[in-house]
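**Q** return atomic coordinates for the entry below.
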Amino acid sequence: MTNLIILDFDGTIVNTVPLVTEILNCLRSRLGLPLLSLSDVRPWISQGGIPMISHCLSVSEVEARKYLDEFRGIYLNTPTPLHLVYNWVFDFLNFAADSAFELAVCSNKPEELLNKALRDTNLAKFFSLTVGGTGTTRAKPHPDRLLAILKTLECKHDNAIMIGDSSIDQQTCRSASVDFILFQGGYDDGVRLKSPDCAFLHFPELKDILNRKQDFLVPQ
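**A** Here you go, the predicted structure:
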């Protein structure tokens with residue numbers, strides 16, 4: 001029986017806000033706009049490319065499509081620095097692998113960018129499957145991408161959990177009937193939880209959460 005841990009990417013295992021802000025500010029400079037701070041950009045990371053570009057470049061959503069292509073082109077040619085990986089993520093992934101958990105990534109980041117960022121940060125080797133933005137699946141909070149992972153890895157809904165940092169991840173899990181655990185150190189946009197046992201601030205705490213979950217015990 002598979003015990004599967006699915007993780008979001010931006011704001012869950014990698015703090016991409018500094019990199020995204022740098023690229024957006026490059027575009028804003030060309031437009032003669034003042035630079036944005038990290039706090040200006042952080043609330044928009046989970047909202048999707050078009051809303052983020054529209055807000056952060058002060059353009060219409062129609063215009064944002066053009067700038068989104070340029071943004072992604074710059075991103076594709078910009079390495080994701082290793083230091084942006086959250087503290088203890090590598091320790092947790094090693095623990096999960098040693099404990100016979102299978103690991104996957106479910107993200108709205110375009111798949112090409114997602115896989116490059118995972119390679120840049122030496123994270124790719126931990127994951128059996130990564131599913132990001134493609135033309136074949138609908139973006140979170142639609143459950144398409146999460147369900148595709150379950151189907152590909154032949155995992156039942158009650159033998160999987162997803163770890164994310166936003167209400168979008170929470171809604172995705174609810175739609176897919178998969179347990180959700182909140183990483184509070186990410187870009188939390190107002191997630192409401194019924195139980196504090198479903199949230200953690202530091203990755204070492206996640207080991208205890210997995211041990212406490214009666215329906216998702218750490219393999220021995």
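**Q** buried residues, the top helix by length along the chain. List them.
**A** As assigned by DSSP state H, the longest helix anywhere in the chain is helix 61-76. Using 16 or more other Cβ atoms under 10 Å as the test for burial, helix 61-76 gives 64, 67-68, 71-72, 75. Placement of C-beta: from N, CA and C, glycine included.
**Q** which of those residues sits closest to Gly49?
**A** Closest approach between those and Gly49, by Cβ to Cβ: Leu68, at 4.8 Å.
**Q** who's in contact with Leu150?
**A** With contact set as Cβ atoms under 8 Å, 6 or more residues apart in numbering, Leu150 has these partners: 4, 156-157, 160, 176, 178.
**Q** what packs against the helix or strand of the chain with the lowest mean pLDDT?
**A** Sorting the helices and strands of the chain by mean pLDDT, DSSP states H and E puts helix 203-212 at the bottom, at a mean of 85. Contacts defined by 3 or more Cβ pairs under 8 Å, 6 or more residues apart in numbering; DSSP states H and E place helix 203-212 against helix 89-98.
**Q** buried residues in the least confident helix or strand of the chain?
**A** Buried, per 16+ other Cβ under 10 Å, within helix 203-212: 203, 206-207, 209-210.
**Q** how distant is that helix from the center of its chain?
**A** Relative to its parent chain, helix 203-212 has a centroid offset of 19 Å by Cα atoms, centre = their mean, to the nearest Å.
**Q** now the angle from that helix to helix 89-98?
**A** Helix 203-212 runs at 30 degrees relative to helix 89-98, counting by axes from the mean of the first three to the mean of the last three Cα atoms, to 10 degrees.
**Q** this structure: helices as residue ranges?
**A** Under DSSP H, the chain gives helices at 17-30, 38-41, 49-57, 61-76, 89-98, 111-120, 144-152, 167-176, 203-212.
**Q** any low-confidence regions in the protein?
**A** 1-2, 195-197, 213-220 (pLDDT under 70).
**Q** let me see the domain layout of it.
**A** Domain assignment for the chain by automatic domain parsing gives 4-15+82-212, 17-76.
**Q** let me know which of these is tucked in deepest.
**A** Among the domains of the chain, the stretch with the highest mean neighbour count (mean count of other Cβ atoms under 10 Å) is domain 4-15+82-212, at a mean of 18.
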